[in-house]
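1. Sequence plus the predicted model coming up.
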Amino acid sequence: MMPLWPSCPQGGYYSHSPKTPGVASVSSETVQETSVRADDSIDPAFDWLKIARLMLTSRAIDRIEENELVPQKKVLYQFSARGHDLAQILLGSLLNHPHDATSGYYRSRPLLLAIGLSIEDAFAGPLARSGGFSDGRDIGVVFNLPSAGGATVLPMCGGVGAQYTPVAGWAQAIRYHAEQLGDDGYKGAIGAALGGDASVATNGFWSALTMATTLKLPMLFYIEDNAYGISTPSTMQTPGANIAQNLESFENLQVLDGDGTAPAAAAGLIRQAVDHVRGGAGPALLRLSVPRLAGHSAQDTQAYKSARIIADEESRDPLPKLRDYLIPASIDEDAWKKLEREVEQEVADALEAALARAQPDPATIERHVFCETGADGKPEIQRQGGLAVSGHVFPESGEQAEPEPTRINMLTAIRRTLEFELASNPKLAVFGEDVGPKGGVHAATMGLQEKFGVNRVFDTSLSEEGIIGRAVGMAIAGLMPVPEIQFRKYADPATEQLNDCGTMRWRTNNRFAAPIVVRIPGGFFKCGDPWHSQTNEVQWAHGIGWQVAVPSNAEDATGLLRAALRGNDPTIFFEHRSMLDDAWARRPYPGDKYVLPFGKAKITRPGTDLTVVTWGAMVPRCETAADQVDGSVEVIDLRTMMPWDKKAILESVARTRRCLVVHEDNMTAGFGAEIVATVVSESFFDLDAPVERLAMPDIPSPHNSLLMHAVVPDVAGIARKMTELLEC
Ligand SMILES: Cc1ncc(C[n+]2csc(CCOP(=O)(O)OP(=O)(O)O)c2C)c(N)n1
């Protein structure tokens, strides 16, 4: 006979044996003793009438969407929370510390209602109407809520598992605010991440779990186990289908497990989990078994479930259980009916208001990719995230370099800039793999931990998703995180978090932003290889919401890094490995005030017959090649790729009438393609020759130095190409 519950054959509690003495997990027996009120008497830790109201509200919204708005095609994505709702509302009602934060996923609306989402906004999101959490930009089920004096709901994402590491970052920021910045107001605050049973198979879950347990962060992992990830049973996500059981022996983790539909039991477990984390004893994982009382989404027919399973799920509906729990002890039959009527009316009114909202204005759709300047000349600052929100005041800065007499290499320039900014900005933290006592594998952070302490300059676990997700959570909590990715290729595991960070301002319609500065060394060095030596900086220029710096020398690196660290948008700061100690790249340190704004290319060698646009390690090669050819070549160092200085390039091409772009990144769809397309489109009638590119062929960087030199553009090859164009 097919088991009713792939994850829970008994359909009840899992029994755990306590692990290490003193860090006992809650067994089903313990739950019975300490949390489930044997007589089912009313748990005084909760405002049950409020919970009942929220529960009825959530049900009414789901019902209207499922029965009316989806069939009418007014709502296109619907993920019913029926079955998950009671436990989420109980959890939401306990997230009442002003510095609590939570994040969840597409089924988390009941939690949001408990935290303060208005019913009108709850409808308006899925209806894709104007206003609300994204102004119709994001899928209507992944909410966010800036703190209105209470918990923050970090912007949720469509990617399953993406919610975990930013919450861990927030939890680390709680500690930073309390211990490093001495803000007692953060004491007792927690981060809570909600996820389904399938989400525990994601990288994000494990990355955050490692962070939370190694650092003993105040973080709650709240797992809503409905036994399915769409149609895939939880046996495929975790061995034995119970994540709580599997994590029994995980060090520094309180594990709780139980029924998310039984009001008294669920309330007790949720309270216990929250109290544990709030009390400072480290993270907890609470797994609650819940039924999914609808298809995964409105389109899902649940053909993979037997009628018996569906009937069993229906029998576990928490709403009648809540009703039975409260009547007559807390409320009588008539009062319950009255509550139902009131909620019905309130929800109907809210729906009417949501439907009456205008459609979002297409004229505004390109706004808020980056921080914008308003009509009054002031920046339009997001509601939450980064330093600008608190009106942080930086030391004086200027675009005028005050060069020191001696030259330093680019590595030292980066280290000095980090050092000055760490010293002058207590909210700035530098972290990554091996950046602490070792000082980073490139030595950019050498000595910084010694000087600023382990809270501000620290090693992380080896998880790039964790490094970037943590940075996002810390930024939303009002810090300036400066993560290092050890080598360019190793940013790949963080792709999801990088994407979600970049798009945050746009998809939340300027409610949230996570300005972080990600330092990434890469490019060829003495040799190449497919892992440490690629550049592929174009990835972020093509991605949304990232400033991209590609400095070629110590002076520019100082100015651009400082601009990024004091800026209000996320930045990729690309550090070319072979320029870190390159003699050409050594320049006088331009001073602690020096800031170089993004989007200003530099003519490093003026000329009249050919414009060569380049950046990073190709700049000195182009300069040397220009010296060798017969003709006057202008070399332009782009310095930043997003934004990029179109004006400077077009002005130069208008004078020289010829253009060549040289880059180390692969040819196809490299940033050169963007520049060439722009020049051809906007300067076509200025041109006397075809616009050309010189770049790596479409292969990874080869290891053997002979092979590598054969494919990375070199001086001779660049000079040849210059001559070809000059002779056109
Ligand atoms: C990274 C990623 N992979 C795949 C998907 C498509 N997807 C959306 S929901 C889902 C199942 C998630 O199930 P679970 O985490 O158990 O939550 P539930 O829907 O059951 O509440 C999948 C595969 C996605 N959104 N993100």
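-> Noted; the coordinates are in hand.

2. From here on, just use CA atoms for contacts and neighbour counts.
-> Fine.

3. pLDDT of the helix ranked longest in the chain, averaged?
-> Criterion DSSP state H: the longest helix present in the chain is helix 333-356. Confidence over helix 333-356, taken as the mean pLDDT, stands at 98.

4. for that helix, the distance to its chain's centre please.
-> Averaging C-alpha positions (CA atoms, centre = their mean, to the nearest Å) puts helix 333-356 36 Å from its chain's average.

5. Quick one: residues in contact with it.
-> By CA atoms under 8 Å, 6 or more residues apart in numbering, the list of residues contacting helix 333-356 from outside reads 53, 56-57, 60-61, 119-121, 123-124, 127, 129, 327.

6. Including neighbour count, could those go into CSV?
-> Formatted as CSV, the entries for these read as follows, by neighbours: other CA atoms under 10 Å:
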residue, neighbour count
R53, 17
L56, 22
T57, 21
A60, 19
I61, 23
I119, 22
E120, 20
D121, 22
F123, 27
A124, 27
L127, 26
R129, 23
I327, 14
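
7. which residues sit in contact with the residue lying farthest from the centre of the chain?
-> If you look at how far each residue of the chain sits from its centre, by CA atoms, centre = their mean, the farthest one is D630, at 50.5 Å. Taking CA under 8 Å, 6+ apart, we find D630 in contact with T723.

8. Residue numbers of the protein in contact with the ligand?
-> Contacts of the chain with the ligand, taken as CA under 6 Å from any ligand atom, map to 158-160, 195-199, 226, 228-230, 296.

9. Check those for burial and list the buried ones.
-> Members of the residues of the chain next to the ligand that pass the buried threshold by neighbour count (16 or more other CA atoms under 10 Å) are listed as V160, G195, G196, D197, A198, S199, N226, Y228, G229, H296.

10. ok, for the first one, nearest residue in space, not its chain neighbours?
-> With CA to CA, 6 or more residues apart in numbering as the criterion, V160 has its nearest non-adjacent residue at 5.9 Å, and that residue is S199.

11. does L112 count as helix, strand or coil?
-> Under DSSP: H, G, I helix; E, B strand; the rest coil, the three-state class of L112 is helix.

12. Now do the same for the closest residue to it other than its chain neighbours: its pLDDT.
-> Spatially, and ignoring its direct neighbours in sequence, L112 is nearest to G92 (7.2 Å; CA to CA, 6+ apart). pLDDT for G92: 98.

13. how much space between G92 and A358?
-> Between G92 and A358 the computed distance is 30 Å (CA to CA, to the nearest Å).

14. Give me the more crowded residue out of the two.
-> In terms of neighbours (other CA atoms under 10 Å), G92 is the more surrounded of G92 and A358; the figures are 22 against 11.

15. Helix, strand or coil: sort out the residue of the stretch 1-150 of the chain found nearest the ligand for me.
-> Taking CA to the nearest ligand atom as the measure, the stretch 1-150 of the chain has R107 as its residue closest to the ligand, at 6.0 Å. Following three-state DSSP, we place R107 in the coil state.

16. in the sheet, who's paired with the closest residue to R488 other than its chain neighbours?
-> Excluding its sequence neighbours, the residue lying closest to R488 (CA to CA, 6+ apart) is G522, at 4.8 Å. Listed by DSSP bridges, the beta-bridge partners for G522 are H576.

17. thought G522 was touching H532?
-> Yes. With the criterion set as CA atoms under 8 Å, G522 and H532 qualify as a contacting pair; they are 5.9 Å apart.

18. how does this structure divide into domains?
-> Per the record's domain assignment (automatic domain parsing), the chain is made up of the domains 48-356, 388-588, 602-726.

19. Redo those as a markdown table? Include distance to E366.
-> Compiled in a markdown table, the domains of the chain are given as follows (distance: least, CA to CA, whole Å):
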| stretch | distance to E366 |
| --- | --- |
| domain 48-356 | 10 |
| domain 388-588 | 8 |
| domain 602-726 | 15 |
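
20. Could you tell me the model confidence score at the residue farthest from the centre of the chain?
-> Model confidence at D630, expressed as pLDDT, equals 96.

21. from the stretch 351-500 of the chain, which residue is nearest to the ligand?
-> Nearest residue of the stretch 351-500 of the chain to the ligand, counting by CA to the nearest ligand atom: E496, 8.4 Å away.

22. That residue looks like it's in a helix, true?
-> Yes. Checked against three-state DSSP, E496 lies within a helix.

23. Against Q486, how distant is it?
-> Distance of E496 to Q486, given as CA to CA: 17 Å.

24. now V389
-> When CA to CA is the yardstick, V389 and Q486 sit 30 Å from each other.

25. Tell me which of these two has more neighbours.
-> With neighbours defined as other CA under 10 Å, V389 and Q486 compare such that Q486 has more, 21 against 13.

26. Surely that one and E433 touch.
-> Yes. A contact is recorded between Q486 and E433 when judged using CA under 8 Å, the distance being 6.7 Å.

27. quick one: common contacting residues for those two?
-> With contacts taken as CA under 8 Å, 6+ apart, the residues that reach both Q486 and E433 are G440.

28. Below-threshold pLDDT in this structure: ranges please.
-> The chain contains residues with pLDDT under 70 at 1-39.

29. and if we set it to 50?
-> Along the chain, the model assigns pLDDT under 50 to residues 1-38.

30. can you count the residues close to V153?
-> Residues near V153, counting by other CA under 10 Å, number 25.

31. what does the one 4 residues further on give?
-> Applying other CA under 10 Å, we find 24 other residues in the vicinity of C157.

32. can you give me the helices for the stretch 451-600 of the chain?
-> For the stretch 451-600 of the chain, the helices identified by DSSP state H, counting those that start in this stretch occupy 464-476, 495-507, 538-542, 554-565, in order along the chain.

33. okay if I get the ones you listed as JSON lines plus mean neighbour count?
-> Below are the helices of the stretch 451-600 of the chain laid out as JSON lines (neighbours: other CA under 10 Å):
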{"stretch": "helix 464-476", "mean neighbour count": "30"}
{"stretch": "helix 495-507", "mean neighbour count": "23"}
{"stretch": "helix 538-542", "mean neighbour count": "18"}
{"stretch": "helix 554-565", "mean neighbour count": "26"}
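
34. now these in TSV, with distance to D349?
-> What follows is the helices of the stretch 451-600 of the chain, written out as TSV (distance: least, CA to CA, whole Å):
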stretch	distance to D349
helix 464-476	34
helix 495-507	27
helix 538-542	43
helix 554-565	46
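
35. Any idea which of the ones you listed gets closest to R137?
-> Across those, the minimum distance to R137, taken as CA to CA, is reached by helix 495-507, at 5.7 Å.

36. Which ones among the buried ones among the residues of the chain next to the ligand map onto strands?
-> Those of those mapping onto strands are G195, G196, Y228, G229, per DSSP state E.

37. Thank you, goodbye.
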